[in-house]
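J.: Got a sequence here, can you build the structure:
(chains A, B, C, D, E, F and G)
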Amino acid sequence: MQGQNQQQAYDRGITIFSPDGRLYQVEYAREAVKRGTASIGVRTADGVVLAVDKRIRSPLMERDSVEKIHKADDHIGIASAGHVADARQLIDFARRRAQVNELRYGEPIAVETLTKEVTDYIQQYTQVGGARPFGVALIIAGIANGEPKLYETDPSGTPYEWKALAVGADRSDIRDYLEAHYEEGMDLDAGVELALSALASVNDDSLEPEGIGLATISVDDQQFHEHDIDERKAYLEQFELLASGDEEIDEPEDDGEQ
Amino acid sequence: MQGQNQQQAYDRGITIFSPDGRLYQVEYAREAVKRGTASIGVRTADGVVLAVDKRIRSPLMERDSVEKIHKADDHIGIASAGHVADARQLIDFARRRAQVNELRYGEPIAVETLTKEVTDYIQQYTQVGGARPFGVALIIAGIANGEPKLYETDPSGTPYEWKALAVGADRSDIRDYLEAHYEEGMDLDAGVELALSALASVNDDSLEPEGIGLATISVDDQQFHEHDIDERKAYLEQFELLASGDEEIDEPEDDGEQ
Amino acid sequence: MQGQNQQQAYDRGITIFSPDGRLYQVEYAREAVKRGTASIGVRTADGVVLAVDKRIRSPLMERDSVEKIHKADDHIGIASAGHVADARQLIDFARRRAQVNELRYGEPIAVETLTKEVTDYIQQYTQVGGARPFGVALIIAGIANGEPKLYETDPSGTPYEWKALAVGADRSDIRDYLEAHYEEGMDLDAGVELALSALASVNDDSLEPEGIGLATISVDDQQFHEHDIDERKAYLEQFELLASGDEEIDEPEDDGEQ
Amino acid sequence: MQGQNQQQAYDRGITIFSPDGRLYQVEYAREAVKRGTASIGVRTADGVVLAVDKRIRSPLMERDSVEKIHKADDHIGIASAGHVADARQLIDFARRRAQVNELRYGEPIAVETLTKEVTDYIQQYTQVGGARPFGVALIIAGIANGEPKLYETDPSGTPYEWKALAVGADRSDIRDYLEAHYEEGMDLDAGVELALSALASVNDDSLEPEGIGLATISVDDQQFHEHDIDERKAYLEQFELLASGDEEIDEPEDDGEQ
Amino acid sequence: MQGQNQQQAYDRGITIFSPDGRLYQVEYAREAVKRGTASIGVRTADGVVLAVDKRIRSPLMERDSVEKIHKADDHIGIASAGHVADARQLIDFARRRAQVNELRYGEPIAVETLTKEVTDYIQQYTQVGGARPFGVALIIAGIANGEPKLYETDPSGTPYEWKALAVGADRSDIRDYLEAHYEEGMDLDAGVELALSALASVNDDSLEPEGIGLATISVDDQQFHEHDIDERKAYLEQFELLASGDEEIDEPEDDGEQ
Amino acid sequence: MQGQNQQQAYDRGITIFSPDGRLYQVEYAREAVKRGTASIGVRTADGVVLAVDKRIRSPLMERDSVEKIHKADDHIGIASAGHVADARQLIDFARRRAQVNELRYGEPIAVETLTKEVTDYIQQYTQVGGARPFGVALIIAGIANGEPKLYETDPSGTPYEWKALAVGADRSDIRDYLEAHYEEGMDLDAGVELALSALASVNDDSLEPEGIGLATISVDDQQFHEHDIDERKAYLEQFELLASGDEEIDEPEDDGEQ
Amino acid sequence: MQGQNQQQAYDRGITIFSPDGRLYQVEYAREAVKRGTASIGVRTADGVVLAVDKRIRSPLMERDSVEKIHKADDHIGIASAGHVADARQLIDFARRRAQVNELRYGEPIAVETLTKEVTDYIQQYTQVGGARPFGVALIIAGIANGEPKLYETDPSGTPYEWKALAVGADRSDIRDYLEAHYEEGMDLDAGVELALSALASVNDDSLEPEGIGLATISVDDQQFHEHDIDERKAYLEQFELLASGDEEIDEPEDDGEQ
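T.: Down below sits the predicted model:
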């Protein structure tokens, strides 16, 4: 590991390697991801689950307008963590690619194909000069050939496939929770419970329906379904994760990450 | 938080991340916003309110020529805070997008759609090299499908939806005031009162009609209406916010922010 | 305010923000304006007045060739202060815009419209890399819809509307004079007297006809009229501002500002 | 801007030589290769073998989604080590070149030809400014004119031909192992044994079938064949390299190399 | 005036302002002008005079090949001082503009028009990045509408009109001489005497015909006339400025200025 | 020679001169050449000889794949030393130019013509920004008009013609050997002996056939002929230069030079 | 003259002025010229002479391949000193311009015209960014309208006309010699003697025919004639300048200048 001075030398150049073969700008973009609130994905036998933590700066801010879960296509949803404005660019890119695939081949895009088109796009911003990397991680979830699929894209442009994962703040703690509680073959409701309880594990074991986002895509109908506040509340009650109710505002710095 | 020397290293590069994942140029652009006078937006059950503080350098300057409230479309108004010349660019962009939408789809642009076109445009200036970010925040207010809507754009290109918000100088104090006094379901006049009294709360609890701007868009007629000096004076009298009258000039530095 | 070292870091980059949200290059361009001699604009009930101080380096230099007052269109005049070569670019731009408006719409361009086209042009040079800002301020004066109009453009690209203003050297002192003596409703001759006496107030209360420029646009004929040396001398005699006559050469540094 | 790019060290300039004639950026890219897990290639009398170590960050990550072995054409496989996102770019390039060759000449591309097209492409990124080198090494294996062929590409864009080689982590130790055990004329199964035992030599002499990738291309059918987990397990048992079974997670840093 | 360190910070950037509003690169270009030998222009009632000092590095250099006086059009001559190679670019530009004007409008270009086209061209090199300013000053002399005209262009791109002026080395001393001896209404021969005696005033009050250049354009024939060595010698004798004859070589540094 | 600090200042800019008129980037590229193994060219009365040292990193690397001798056209061969990937670019360029000449003029390209096209291409990379120089030297050998011809290209883009020369490592020692033993009028076999014994002189006076490359072009058939391992072994035996046989691996750093 | 630190600041920027108005990059390019061996031009009553010193690094290098004298057109020759690869670019440019002139106007290009086209081309490389100046000086000699003509181009792009001159190493000493011995009206043979004896004056008063180049263009036939070794030897004998014969190798650094 290099000293402080030497490190400075490398991270100013957008797209160059440090002496130990690292791309600091990409690593700093990962820090931007960690500055966002957590997003979680869980793959089950009969569908995939996306659950996210939504942070607001004031009770006057509309939590619903904090978009961390996005519909990319009928059968694909994306959860993001990190720089919100960057996430919007990648979501737009993903939607356009899904539409192009539909138009060109007359069939829905495969989840893996979409993921890799997104990561190849991200990679360009880490190698060619004149722009910075994207400061956002995506969880891309969907159904392909009747199989639930769950992928991650990171700021380096690497695609990863997961059974269950977390990105954003508290990523390590949530991953530990997921590793301890993930069970092969569980059904979609168990997946929702795992995702929400994992999210709660870093929030004093309780969540408010307003403070989270939840979406599922089941193998059965292969339709992205974003759960409204009543559904979210019902789930939290069912899993005994509902917060006591006096809404608490996190008031983080105003910095464009979620 | 980094030390002074290290911070210098990052903020010179336009579009790169610091080791803790921040985009300093974007954060400095937020400081430019704070150098502008306050702009306030309030969403009520039957319309939206925009109220702004107008600073002048001399009694010889025409306060009316200080444009902080702009009509973007018949049903959408925008209030700005920060670098005036930058605000003009974004307002022009918004107006063109509204016109294009009208021409292409034959219907008025949705407030959220317009907001996100603006934020996507802003985001480009934070990722691609060769230009600096926009040093301005916008409050975009309007009616969509009969619903009052209130959005914020910040220099990172993130869209936020609010019930009531302030941007520019004294933002925190005004937000505290808004949070303490905002009431769900209030009518448009109550919204005007809230906006003006919030603005007065950081101006010795009184305002002059010449020193402010005020606009409303009601659900009823869905028409942007900018209130003239008589209307503004009447409101201030009605809400007991009218200043004693000897006009006071703020004489701030001459630096292009409002 | 930052220390000396830190300030250096920011002002080298053409288009980036400092940590306190300022654009140093724009502020330094304002210093270039201050290096120019004063230009004054006064709006009266029946017309607008432009008066300028002309500095020469030698009695052999033709004072008439020092162009600080420019005709932009039949009904619009522009006075400049700062970097002469930059001023010429903006004047040319303004003239072309006025012609284009005439050709396209068959009517003279509005003073406010012209001002904002100029400021939008100036703004580009403060945001996009590869060029420096314009080191010049303009006073744009004219008649629009029978109303006298008086605007300022500054190096940030902000448009301001004024009743009376000064740009360039001694701007603050002249502004104090204008604020103390400006009267609503005065006629054009009173406006000329105000402009010349304000200019004289920072020149030992006397002026030479060769050393100044003077133009008026009256509501009546809406024609830019630049006053020749005899007219200027007559005015100075009328207002008891005529200098004793032994021409004095200022011999400033030879640096391209006026 | 000029001054921005001129910085002190040599390795910050993308494409320039150091005083001793080295290209530091290329050497640092080699460090990125070493940060990836090992990939091994072995050439035998009747085919070529590719074996790779797959590192995962969590038992919840799908090891199969870690792509270190890629099919470039029916008769050519590629193993990679280093920056995953960069590897994907080169694999895509190689596949396109193979297709173009097929279309243009009606015959499969020669392994050496493909290798040199890839290295020429890599070289461009080391000489022309505006981008960084590729942080990945490839092992390109295939059959040409009935002969097994095994090549390496490195970040400088140099092609090398090998009998057996390793790239990525532990490269030197594995090379020592390969040099000690390689035998001319061995058959494909012996090549698989050599590749796996070499890989095991730096993993406590045992491997798990989930933790590796294996592919062969035999002279007989000239078809790239990637071995599934059952085949891999059978090989490991046959060569007494099978790990005891409690899966161990390496949990390396999350940095985009494999 | 800034300290040494701070000054360094600004003059490295080609086109940016210093904190006191100066463009150092333009000022340094003025120093390049001062490194050239003197050029003088004098306007009289019936024509204009250009006189220049020609410096040679060796008696073997052809003084006639040192071009400091150039014919721009039949009725316009240009004298230069400063960087010779830059002067050639501007002269070529001026000649092309004169030709274009002739072709387009069927009449000779006005001296003022030509001067301003040249200064606008120069200005571009002081605002847009990627090139340095021109290190040369021009004296543009000619007849327009029967009137003698005399202009200066400087490296900032500012046009000046003069009765008589000097650029290049010893500019201040020669200007003092010109101011002391210039007389309104003198004839062309008196103008030649003034120009030559001013030039002699900084050369021990004597000149050699080989060491100077001389051109006149009279109102009568409006033709640029460059005086040959016999004419120059005759003038020097007539004005008692002829040097004693043993040619003296200045042997300045070989640096491309004249 | 400059001190360390000053030297740093110049070699950072790709294409600029140092105060003593040197192009450091070009000189550093020459260091890259020296990092490669030696290549030798000898011109004799009846043909030209190319002999090269091939370095391998492991006995598992195919020495034959180390390309230091290249056929550029039927009658022209090229030996390289330095950065291998750069050499490939120049060889490709040379081959294309030879083909173009054949197509355009219907005759083989002259050796000198080809050399100068290559050096002009190299020169561009030393003057125009945005790329680094080529880190390779070439020996271009062939027959032109029945005459043996031998040229060198260096990283500055200078062409040199030689009777015999060496480039790469140990260049000076080999040159001394060549100068001491070169004889005018010797035949091709004597040239081969000189080249191989010169190469051996810096390798303990013995060579292995696997460790070298050898090519000749005779005046008789004007055909590039690369000698296979048997021919090379026969030559080494004939000249008593054959190494004792236990193959020795040099194991140099893995840095892309040959 | 500036101190060391300050000087560093300016010479890194390719095309900017130093505070004293100098272009350091151009001055450093002049140093590159001085690193080359001397080239001499002499103009006589009936023709021009070019004589050059050729430096070789080894007795094995072909002195004839060191091109310092070039035929630009039938009636024009060029001698160069400095960076050889740069010289080739300018010579090629000059040849193309001569051909274009021939094609376009049906007559040979004038020597002065060609010189100025070359210097204008050189000037571009000193003002526009993205490339370095040419590190070479040319002596352009020829016959125009029956008159012998002799010009110099330097790295600033300034054209000079001479009776006799030297460029490259020992320029000052040779100039002193030329100044002392040049005689107006001498014939071509006397010119050859002057050129060779001047060259010998800095080479122990003797020259070898192999170590020099010599060309003449007489007014009579207006044909560039390069003298072969026999002619050169005859001249040296005739002028008693022939060296004693044991060839001496200068073995300068290998740096691409001549």
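J.: from here on, contacts and neighbour counts on C-alpha atoms
T.: Fine.
J.: quick one: the residue nearest to residue A:170 when sequence neighbours are not counted and chain C, what's the gap?
T.: In this structure, residue A:170 finds its nearest non-sequential neighbour in residue A:38, 6.7 Å apart by C-alpha to C-alpha, 6 or more residues apart in numbering or on different chains. Residue A:38 is 29 Å from chain C, where distance means C-alpha to the nearest C-alpha, to the nearest Å.
J.: Identify each of the helices in the stretch 151-258 of chain A and give its residue range.
T.: Ranges of helices in the stretch 151-258 of chain A, per DSSP state H, counting those that start in this stretch, are A:171-181, A:188-201, A:229-238.
J.: For stretch A:216-225, buried residues please.
T.: A:216-219, A:222-225 (16 or more other C-alpha atoms under 10 Å in any protein chain shown).
J.: Just want the residue of chain A that's nearest chain E.
T.: residue A:130 (17.3 Å; C-alpha to the nearest C-alpha).
J.: from what I can see that residue touches residue B:125, true?
T.: No. In this structure residue A:130 lies outside contact range of residue B:125 using C-alpha atoms under 8 Å: 11.7 Å.
J.: between the two, who's got more neighbours?
T.: Using other C-alpha atoms under 10 Å in any protein chain shown, the more surrounded residue of residue A:130 and residue B:125 is residue B:125, with 23 against 18.
J.: Give me the contacts around the helix ranked longest in chain A.
T.: Scanning chain A for the longest helix, with DSSP state H as the assignment, gives helix A:84-105. Contacts with helix A:84-105, where a contact means C-alpha atoms under 8 Å, 6 or more residues apart in numbering or on different chains, come from A:70, A:72-73, A:78, A:80-81, A:107-109, A:114, A:117-118, A:134-138, A:256-258, B:119-120, B:123, B:156-159.
J.: same question, stretch A:180-200
T.: The contact list for stretch A:180-200 (C-alpha under 8 Å, 6+ apart) reads A:38, A:40-53, A:164, A:174, A:177-178, A:205-207, A:218, A:235-236, A:239, A:241.
J.: Any chance of a ChimeraX selection covering the buried ones in those?
T.: ChimeraX command restricting the contacts of stretch A:180-200 to the buried ones, with burial defined by 16+ other C-alpha under 10 Å:
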select /A:38,40,41,42,43,44,45,46,47,48,49,50,51,52,53,164,174,177,178,206,207,218,235,236,239,241
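J.: Taking their axis directions, the longest strand belonging to chain A and helix A:84-105 sit at what angle?
T.: Ordering each strand of chain A by length in residues (DSSP state E) puts strand A:136-144 first. If you take axes from the mean of the first three to the mean of the last three C-alpha atoms, to 10 degrees, strand A:136-144 sits at 30 degrees to helix A:84-105.
J.: Alpha carbons only: can I get strand A:136-144 in CSV?
T.: Taking Å, rounded to 0.1, in the frame of the first residue of the first chain, the C-alpha atoms of strand A:136-144 are listed here in CSV:
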residue,chain,number,x,y,z
VAL,A,136,-23.6,3.9,-8.5
ALA,A,137,-24.2,0.1,-8.1
LEU,A,138,-27.3,-1.6,-9.5
ILE,A,139,-29.1,-4.8,-8.6
ILE,A,140,-30.7,-6.1,-11.7
ALA,A,141,-33.4,-8.7,-11.0
GLY,A,142,-35.7,-10.6,-13.3
ILE,A,143,-37.0,-13.8,-14.8
ALA,A,144,-35.2,-15.4,-17.8
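J.: I'd like the average pLDDT over stretch A:40-55.
T.: For stretch A:40-55, the mean pLDDT works out to 96.
J.: quick one: it to chain centroid distance?
T.: Averaging C-alpha positions (C-alpha atoms, centre = their mean, to the nearest Å) puts stretch A:40-55 9 Å from its chain's average.
J.: What separates the first and last residues of that stretch, distance-wise?
T.: One end of stretch A:40-55 sits 15 Å from the other (C-alpha to C-alpha, to the nearest Å).
J.: Check stretch A:122-140 too.
T.: Terminal residues of stretch A:122-140 are spaced 14 Å apart (C-alpha to C-alpha).
J.: Pipe the helices of the stretch 151-258 of chain A into TSV and attach mean pLDDT per row.
T.: Putting those into TSV (pLDDT from 0 to 100) gives the following:
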stretch	mean pLDDT
helix A:171-181	97
helix A:188-201	97
helix A:229-238	96
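J.: need those in CSV with distance to residue F:142, can you?
T.: Formatted as CSV, the helices of the stretch 151-258 of chain A follow (distance: least, C-alpha to C-alpha, whole Å):
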stretch, distance to residue F:142
helix A:171-181, 66
helix A:188-201, 73
helix A:229-238, 81
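J.: Done for today, thanks.
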